[in-house]
Each structure stands twice: as C-alpha cells, then as structure tokens.
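3D, please:
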Amino acid sequence: MPERVNTPERIEAARQKIAELLGAQAEWFCTLSDGTTQAQKTEALGRSELDIAIVHGRLILTSWTEKGSRSWKVFSWDWTGEKLTLEASRRMGAERPLIELVPRAAASAIALTVKAARQVRCDALAQLACTIQPGARVERSSLSPGARRGQPGRYARIVLRQKHQRTAVTGSVAASKPSDADAFLSSALLWFKRVSERARQPYVEQLWLIVESDLVKPTIQRIALLRPGLRELIAVFEVDKQLSELEKVDVPLREELWKRRLARFPPVPQTDSSEVTKRLIALAPEAIDVVHARHGETLRYFGLPFARVRRVMESERVWFGVEGSRRRMLDEKTERECTNLLADLMEHRSANSSDHHNALYRNAGEAWLESLLRRDITRLDPGLLIAPLHAQFRIARGGAATVRPVDLLALRHDGRLAVIELKVSESREHVLQGADYWQRVEAHRRRGHIARAKLFGDRKISNEPPLIYLVAPTLRVHPAFNTLARSIAPDIEIYRFDINEDWRSGVRVMRRLRVNV
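Numbering: from 1, shown residues only. Okay, the predicted model is just below:
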C-alpha cells in the first residue's frame, strides 16, 4: 500500500529508503503514466541519472537524460520488491504522473509479459483485417521494434496475402492519445517504404492504418498533407476498443481541411513589460527574455523559466524558482534566495559552463535554442523580420492539450509566413509535427485571421502558404528525416536547416536545403 510523505519524519524515511533502492541497482526502467493505464514513455536510466533529495521540505525526484533534467515532487511511494511506484506532480500541479521504476532484471520479465499481451492484440487486429479483404490470409503478424533493445514495440506489423497482391496493415497495440499521431504515422510510413520495396511478387501495394477513435482525426489530417501518389495507397479504419469491428474512414482532400470549423483564434498578448519585469531583465539583459500571457509574464533565462510576474489585487507580485523546486514569492526575506538563483543560472546555464551534467545546463534545450533565435532570427534566415516574432504561439484559444504551440512564427520581408520547428535531439516526428503546424497556420491565414489579428502589425501577409523551417544541429537530425520529408506533398515547401553542434555559443547555419521537391 502506498505510503504518504506528509510529515518531516516520513519524508526523511522515504528519502533514505528510496536512495537505498536506487543505489542498489545499476539501471532502472522509468515509465510515466497519467495514473490510469496510459503509459506515456519508458526509458532506461542509470543510478547516476536518478536522485532523490529533500528540497525546502519536499521530497524531490530528479532524472537526467539527453533531453535535459526533470524533477517531480513526490507525494507517496510504494516498493513491491519488483517495482518502485511514486505518485508525483510537476509544473505546479499541472502534471500529476504516476512514476514506475523497475530494476532492469525485473524489467526483462515484465517486458516479456507486456510483449505477449501486445502480440495477442496484434494477432486480433490481423484476424479483424482479414474480414475486410475477402480471401486474404495473414502472412505476418509481429510487433515493431521497441524504443530500446529488449522492449516490446508499440505497433502491429501485419502483412496480408492475396493471390495477386499484399497489403501492409499497422495499428497501435498500446494505449495512445491524439498527440501520438506524429509518432504513429512516421513509424507507419517508414515501415511501409521498407516492405513495399521487397523484390518478390506479389508486391505490397496498400497501407492500412487501424486506429482508435482518439487518433482518427489527427491521423487523417496529416494524411491529407502527403504527396498524392502515397496518399492514394493509404486507407484508414477506425476500430472499437473491443477489437470487434472495423469501419473505414474517408481521408479528406486538403481543400476540405480549409472548410472545417476552426477553434477561436487567440488574442495577441500585450507586449509591454511591467516595471518589475524590466528591473529583473536588467540584471542579465543578454540572457533573460519574457513570454507574455493574458495573466502576466514569465521570465526565462536562456529559455528556462525562473520567475513569474502576476498582477494581484492591483499590485504586481513575483514568484521565483525553476521547475522542480519550490516557488517562493519575492519579498525582503527571500531576496537573497532569488539572487542566489540568478547566480547559479549565470554560472551553469552558460555556453562556457564547466559542468554539462548540471540540471540548469541540460534542461530545456529547445527553449534555449529558441531564446537565442528570438534575439536575432536573421541568424537562421536573413530574409526574416527580426520583430515581431512569436514564440510558443498557440493557434487556438485556451491552449488545449491536443493543440501544441508553434515554436516560432515569423514573417519574411516578402510577406510570407514561416513556421519554425526546433529540435536539439533526434526526433522522428520532426517532419510531421512541422507539417501539422503548417496546416493549422495556413487554415487561419486563408480566413484572414492572422492579418486581422495584426500579428505582424500593419505589414501585408502574402497570399501564399507559409514556409516550413525545420531546424536541428547537424548530428542531431534523425536518419529518416529526408525520407519522411519527401512523403509530404511537394507544394508544401519544407526547408531543412542544419546548425552547428555548439549552438549555445552562437547559432550558425551549416546547411540549408529544400527537402521535398
């Protein structure tokens, strides 16, 4: 039964026990879920990449990965002898994940159980697909490779055989959510390319995507952006949760996307900074920027949020603290703590930092790159306007979880919009994510929403679709990038920008090329 950590004694006891457990195993598999059955992702972490500590009277778990550090406040914990389970929260309670840490030895046994369950689901999808194609038989029914060696894959890999043709069928055999559409479709397109290139007849001539209801809409919207020859080979089927029935879903033409109802376009936040914000920026103007929102301002040090300014009862108040630590209100008693935090940021969140394993250096890498480009976007493309430049721009009011913000929305001197998506580590979803942002921005541009909102002042918006700029360090571009880019319709202009590996010292474009001609 989970043990709460709601008193100083329990917090210290939990810290000691969890630290002992973490130190006793060389490697752990860490899984985050939403507290139900929907696992978000699993990754292997060494014991040196996990830390449990008491910070300001709270039990804090921290992990370090190639994508940066993450911290959670732990509310309760449970050790079954095979699995360490932690109930936690982060982002001031906006996320409340269930964290499961499994020692590698025990994880292998659990992986086999999960693989068996997913294989059963895969076989059920294969038999169900046969009912759609009379006379077909299952030639292959297996799982995709896992994210890491020894882990079960998330997708079914099914090949149906008929006398004169083969059909590739894929679907998710793990819990999925709408934001998984990019990963699912990217995986499906790459697999279809491989199996369709087989030399012996009959050839694989079609790709069937079997998706649950939550994935239907985002999947067909992305398929509508594919090049015509590829789009015509793809069919989408919606499956019920019991895997008992398939229903074919019509894939819309791209012209139909522009007719659908759009979420209300959000108002542009005021860009005038408060006096308190200006004083904080003056402490390190070359590093601190501000993100404006309806209810206040967030200050970031090279992209890492460290302070928030809010107007409360006709007065401005400041809370400070980086993610994972306790946020304190700035007053005379806490002024020294805020000064110390800034000193730590100046020391560790710097291109010249001597400790590249420090959380302040490793965390929020994409936000760091974004902050550098916000200061001078012409480093990426001299044809872009330096200002206005919209960072983390939400296409829909309210910031729904399924509507992710665009990293950067810019305007060229010739009036064309540019949708800019940044990555600092390999991401197979880079291309489709950028294409999804493109179609959202283009839908609003066609209806005149962007011009009427005066996102770029009185400058004229060209009557042409936006450009897509996909940016990543040269050695961090996913190997399948060009293959996936060429699957997008050629009239959607996608440009690949390879930047220098030491971009923290200053962004330089090493190569720029059009990738889907």
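
what's stretch 380-393 in contact with?
271, 291, 370, 373-374, 376-378, 405-414, 418, 420, 455-457, 459, 469, 471, 497, 499, 507, 509, 512 (C-beta atoms under 8 Å, 6 or more residues apart in numbering). Yep, even glycine has a C-beta here, placed from its N, CA and C like the rest.

Helices of the stretch 251-400 of the chain, residue ranges please.
Counting by DSSP state H, counting those that start in this stretch, the stretch 251-400 of the chain has helices at residues 254-257, 275-281, 335-348, 359-362, 365-375.

what's the last one packed up against?
When you say that, I think you mean helix 365-375. strand 288-293, strand 390-393, strand 406-411, strand 417-422 (3 or more C-beta pairs under 8 Å, 6 or more residues apart in numbering; DSSP states H and E).

same question, the third one
Contacts of helix 335-348 with other secondary structure elements, assessed using 3+ C-beta pairs under 8 Å, 6+ apart, are made with strand 304-312, strand 315-320, helix 359-362.

Including mean neighbour count, could the ones you listed go into TSV?
Compiled in TSV, the helices and strands packed on helix 335-348 are given as follows (neighbours: other C-beta atoms under 10 Å):
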stretch	mean neighbour count
strand 304-312	19
strand 315-320	16
helix 359-362	23
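
Now render the ones you listed as TSV, adding mean pLDDT.
Below are those laid out as TSV (pLDDT from 0 to 100):
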stretch	mean pLDDT
strand 304-312	89
strand 315-320	89
helix 359-362	89
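
could I get the ones you listed as TSV with distance to residue 62?
Output for the helices and strands packed on helix 335-348, formatted as TSV (distance: least, C-beta to C-beta, whole Å):
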stretch	distance to residue 62
strand 304-312	15
strand 315-320	19
helix 359-362	7
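
Among the ones you listed, which comes closest to residue 74?
Checking the helices and strands packed on helix 335-348 against residue 74 by C-beta to C-beta gives helix 359-362 as the closest, at 16.8 Å.

Can you tell me which helix or strand of the chain has the lowest average pLDDT?
Lowest mean confidence among the helices and strands of the chain (mean pLDDT, DSSP states H and E): strand 39-46, at a mean of 73.

among the helices and strands packed on helix 365-375, which is nearest residue 53?
strand 288-293 (27.1 Å).

could you give the angle of that closest one to helix 335-348?
110 degrees (axes from the mean of the first three to the mean of the last three C-alpha atoms, to 10 degrees).

buried residues in strand 288-293?
Within strand 288-293, the residues scored as buried using 16 or more other C-beta atoms under 10 Å are 288, 289, 290, 291, 292.

The fourth one: what's its closest spatial neighbour, skipping adjacent residues?
On the basis of C-beta to C-beta, 6 or more residues apart in numbering, the spatially nearest residue to residue 291 that is not a chain neighbour turns out to be residue 298, at 4.6 Å.

and after the least confident helix or strand of the chain, which helix or strand comes next?
Downstream of strand 39-46, the next assigned helix or strand under DSSP states H and E is strand 50-55.

quick one: stretch 474-485 to chain centroid distance?
17 Å (C-alpha atoms, centre = their mean, to the nearest Å).

Please apply the same query to stretch 408-415.
On C-alpha atoms, centre = their mean, the centre of stretch 408-415 falls 24 Å from the chain's centre.

pretty sure residue 50 is touching residue 26, no?
No. In this structure, residue 50 is not within contact of residue 26 by C-beta atoms under 8 Å, at 11.3 Å.

Which elements pack onto the longest helix along the chain?
When the chain is parsed with DSSP state H, its longest helix is helix 104-130. When contacts are defined as 3+ C-beta pairs under 8 Å, 6+ apart, helix 104-130 packs onto strand 27-33, strand 137-145, strand 152-161, strand 166-171, strand 204-211, strand 234-239.

angle of it against strand 234-239?
Using the same axes, to 10 degrees: helix 104-130 against strand 234-239 is 100 degrees.

can you list the weak-confidence ranges in this protein?
Applying pLDDT under 70 to the chain flags the ranges 34-41, 66-67, 92-94, 105-108, 199, 266-271, 294, 324, 396-403.

Which residues does the strand of greatest length in the chain contact?
What stands out as the longest strand in the chain, according to DSSP state E, is strand 68-79. The contact list for strand 68-79, computed with C-beta under 8 Å, 6+ apart, reads 1-6, 14, 17-18, 21, 52, 58-63, 84-90, 97, 99, 323-325, 359, 362-365.

in stretch 73-82, what counts as buried?
So for stretch 73-82, counting by 16+ other C-beta under 10 Å, buried means 73, 74, 75, 76, 77.

And for stretch 248-261?
Buried, per 16+ other C-beta under 10 Å, within stretch 248-261: 249, 251, 254, 257.

just checking, residue 140 touches residue 166?
No. Look at residue 140 against residue 166 with C-beta under 8 Å: they stay out of range, at 9.3 Å.

Of the two, which one has the most company?
Between residue 140 and residue 166, counted using other C-beta atoms under 10 Å, the more crowded position is residue 166 (21 against 14).
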